[in-house]
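Enquirer: one predicted model, sequence on top.
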Amino acid sequence: MCAYSSCPRNGTTDPLDWSRFSRGGPSLRCAVCEKLGIPRHEALFCSVSCFKNAWPTHIVSKHPRSSVPAPVPPAPLSKPVVVAGIVAERDSDDDVVDAEELDEGGYVEGHVPTSLMDTLHGGADGQWEEIFSEQTYIPTAEDVGKVLRIECRAVGKDCETLAGPVVVYTECVLSAPRLPPRRALHAVPNAGASLSSQSQVRFRVVSYNILAEIYATKHAYPYSDPWTLSWPYRRSIILQELADSKGDIICLQEVQADHYEQNLQPALSDMGYDGLYKQKTRESMGQHGKVDGCAVFWRRTKFIMVENYSIEFNEIVQRTASHLNLDDGDRRRFISRLSKDNIAQVLVLEPLSRPQQQRSRSASRICVVNTHLYSNHTRPEIKLWQSVQLMKEIESYVLNQDLALLICGDFNSEPESAVYQYLSQGGLHEEHARVVEAVAENLVDVEALMHRVELESANYRSLGYEPEFTNYTRNFRGTLDYVWYTPSRLKLMAVTSPPSEADISAHCEGLPSVQYPSDHIMLCCDVALMMGTAQPMHGGGMGQVGSSTSGVVGVPGSSNIGQQGRR
């Protein structure tokens, strides 16, 4: 692909070889070739060094004046800014190097005769093979390494040509990207020792923030190649990751509404899944469907959905404000402070094949919660408030119906946070007093900062600590995503190992990248629904965080809290 014949990248179509990180900087394109309309793959160089080394032969083979037809007067151009001989190419990640002074007879893009273009692109005889005639074309494996000639015409009702054709030539088609390195599924020691096939239903849970297109911008991820941020590129990797995960329950966050309708739901339905989607409370960002939300999919041969509802935190804010009898000013401030558009999904799934020995029909059901909490790291009290409201909504629902519980999502909270401690222990320690005070300022009763559902983090239970990161960018690396479960009803069987920093940093300085389509890492674990006598799902403290019970705010009962031992 590098036009310098001696470059190791000459002829390669692996996207990893053409990432900005692999090249050590932007690629370069010959400005003379650009104005002559020579194909990009014949004028594209992976580095300044390759351009300089190739120039003596490149100018002879690509710019022979004897082969150039009579000039066409150039059209006026809005010239880009030239800095030290390098011209920034519009709408591209490459640079255009103006290595030769063009005289007035040079051709400009858009005014090169089609005959010359066809000769340049189609080979010596200028012949092209027509492979498609519809409006949309997706390149196949047979196109890898080849240039595509795209011809567009405006046609009338009777298919007569009204304008055109306009001809565009691509650079060489790259091969499909490599998937991220496979992550081993590690069995939890002795997890199945006390279980029999008659007393359990085993299934796999996946949680994944897939990065909505509306957030995947060059401004947010300047270190990523623009083409790795495009939804069509990332979509294919995401769908392959989901297929390879073989999840039975899949919880996705940052799912764009139009992408759910057009891509994810149809593709996962073909894979054997049913699903539900809930978008955030806010309106679309410009066009229809340009708003993100959460989606839950379940394998239709394994589960059936018996109940579902959604939680809109904005609605809870409105309801709470009404009950507080605030004056107009305080009411507006209260609503503005807490309304962040986040939502949660709540589904009850029932296995299609249940063991004969079971206490009741509800004993075989699983409550699945999928959520994405507020992202602003400077407002931990908002995330804590949302977590409290989430648990208030589902606590009595789960306990009264004797349901097993899974809570998946992006909580935007690290293991040292108040949110993590509240979920894992049912209350908060004095170390989070400032966050508690901030919550109290939002007119929330501090005594309400407790819950009675026993929860464990799947990664913590398996590893003895949370992974170093589930979100990996150039400016932030930390754990924000979790799969919580009730150990009294669900037995953790296995967990996928987190990727190493060496695996990720080998090909990028941050996610998303050529191999990783999101800035988050997929979580995956195997659990078993236990059908024996259930233990009560209450009591808070599980020994995940903290060192003592002194100074606990709102922890119900007496909890035995052990050392954390993190990292």
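Expert: Yes, it's here.

Enquirer: state the distance from the residue nearest the centre of the chain to V317.
Expert: Centrality entry for the chain: nearest residue to the mean C-alpha point is I210, 2.1 Å, by CA atoms, centre = their mean. Separation of I210 from V317 (CB to CB, to the nearest Å) stands at 27 Å. Where C-beta positions appear, they are placed from N, C-alpha and C, glycine not excepted.

Enquirer: run a quick neighbour tally on the residue nearest to M522 when sequence neighbours are not counted.
Expert: Taking CB to CB, 6 or more residues apart in numbering, and ignoring the residues beside it in sequence, M522 has Y208 as its nearest neighbour in space, at 4.3 Å. Other residues near Y208 come to 27 when the count uses other CB atoms under 10 Å.

Enquirer: quick one: mean pLDDT over the helix or strand hosting Y208.
Expert: With elements delineated by DSSP states H and E, Y208 resides in strand 200-209, which encompasses its position. What strand 200-209 shows for mean pLDDT is 95.

Enquirer: check which residues of the helix or strand just after that strand are buried.
Expert: The helix or strand immediately downstream of strand 200-209 is helix 226-229, counting by DSSP H and E. For helix 226-229, burial by neighbour count (16 or more other CB atoms under 10 Å) applies to P226, W227, T228, L229.

Enquirer: likewise stretch 260-277?
Expert: Y260, N263, L264, Q265, A267, L268, Y273, G275, L276, Y277.

Enquirer: and what of stretch 25-32?
Expert: Applying a neighbour-count criterion of 16+ other CB under 10 Å, the buried positions in stretch 25-32 are P26, S27, L28, R29, C30, A31, V32.

Enquirer: so which of those residues are in strands?
Expert: Cross-referencing these with the strands (criterion: DSSP state E) gives L28, R29, C30 as the overlap.

Enquirer: let me have these in TSV, extended by pLDDT and distance to L390.
Expert: As requested, those are exported to TSV (pLDDT from 0 to 100; distance: CB to CB, whole Å):
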residue	pLDDT	distance to L390
L28	81	51
R29	81	51
C30	86	57
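
Enquirer: pipe those residues into CSV and attach distance to P351 per row.
Expert: Conversion of these to CSV gives the following (distance: CB to CB, whole Å):
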residue, distance to P351
L28, 58
R29, 57
C30, 62
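
Enquirer: ok, so of those residues, who is nearest Q421?
Expert: Lowest distance from Q421 to these (CB to CB) belongs to L28, with 51.9 Å.

Enquirer: separation between that closest one and L44?
Expert: Using CB to CB, one obtains 7 Å as the distance from L28 to L44.

Enquirer: contacts only, for the residue nearest to M522.
Expert: For Y208, the set of contacting residues under the criterion of CB atoms under 8 Å, 6 or more residues apart in numbering consists of I238, E241, L242, I250, C251, L252, Q253, S518, H520, M522, L523.

Enquirer: bridging residues for it?
Expert: Judged by DSSP bridges, the bridge partners of Y208 are L252.

Enquirer: ok, G478 - contacts?
Expert: Shown in contact with G478 (CB under 8 Å, 6+ apart): E414, E468, F469, T470, N471.

Enquirer: most neighbours, which of these?
Expert: For the contacts of G478, neighbours tallied by other CB under 10 Å; top is T470, 25 neighbours.

Enquirer: my guess is it meets V483, correct?
Expert: No - at 10.5 Å, T470 and V483 do not qualify as touching, with contact defined as CB atoms under 8 Å.

Enquirer: what's the overlap in contacts for those two?
Expert: Applying CB under 8 Å, 6+ apart, one finds that T470 and V483 are jointly contacted by L523.

Enquirer: could I get the buried residues of helix 226-229 as TSV with pLDDT?
Expert: Below are those laid out as TSV (pLDDT from 0 to 100):
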residue	pLDDT
P226	92
W227	90
T228	94
L229	97
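
Enquirer: quick one: which of those is nearest R202?
Expert: Lowest distance from R202 to those (CB to CB) belongs to T228, with 35.9 Å.

Enquirer: separation between that closest one and L211?
Expert: As defined by CB to CB, T228 lies at a distance of 11 Å from L211.

Enquirer: so what sits against both of those two?
Expert: Between them, T228 and L211 share the neighbouring residues R234, P512, P517, with contact defined by CB under 8 Å, 6+ apart.

Enquirer: host element of the second one?
Expert: Taking DSSP H and E as the criterion, P512 maps to no regular element, lying outside all helices and strands.

Enquirer: on that earlier part again, can you redo the buried residues of stretch 260-277 as CSV with secondary structure and distance to G329?
Expert: Shown next, in CSV, are the buried residues of stretch 260-277 (DSSP: H, G, I helix; E, B strand; the rest coil; distance: CB to CB, whole Å):
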residue, secondary structure, distance to G329
Y260, helix, 39
N263, helix, 45
L264, helix, 43
Q265, helix, 44
A267, helix, 49
L268, helix, 47
Y273, strand, 48
G275, strand, 43
L276, strand, 39
Y277, strand, 37
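
Enquirer: so, low pLDDT: which residues of the stretch 201-350 of the chain?
Expert: Filtered on pLDDT under 70, the stretch 201-350 of the chain yields the residue ranges 283-286.

Enquirer: please enumerate the strands of it.
Expert: Read by DSSP state E, counting those that start in this stretch, the stretch 201-350 of the chain holds these strands, from start to end of the chain: 249-256, 273-279, 292-299, 303-312, 343-351.
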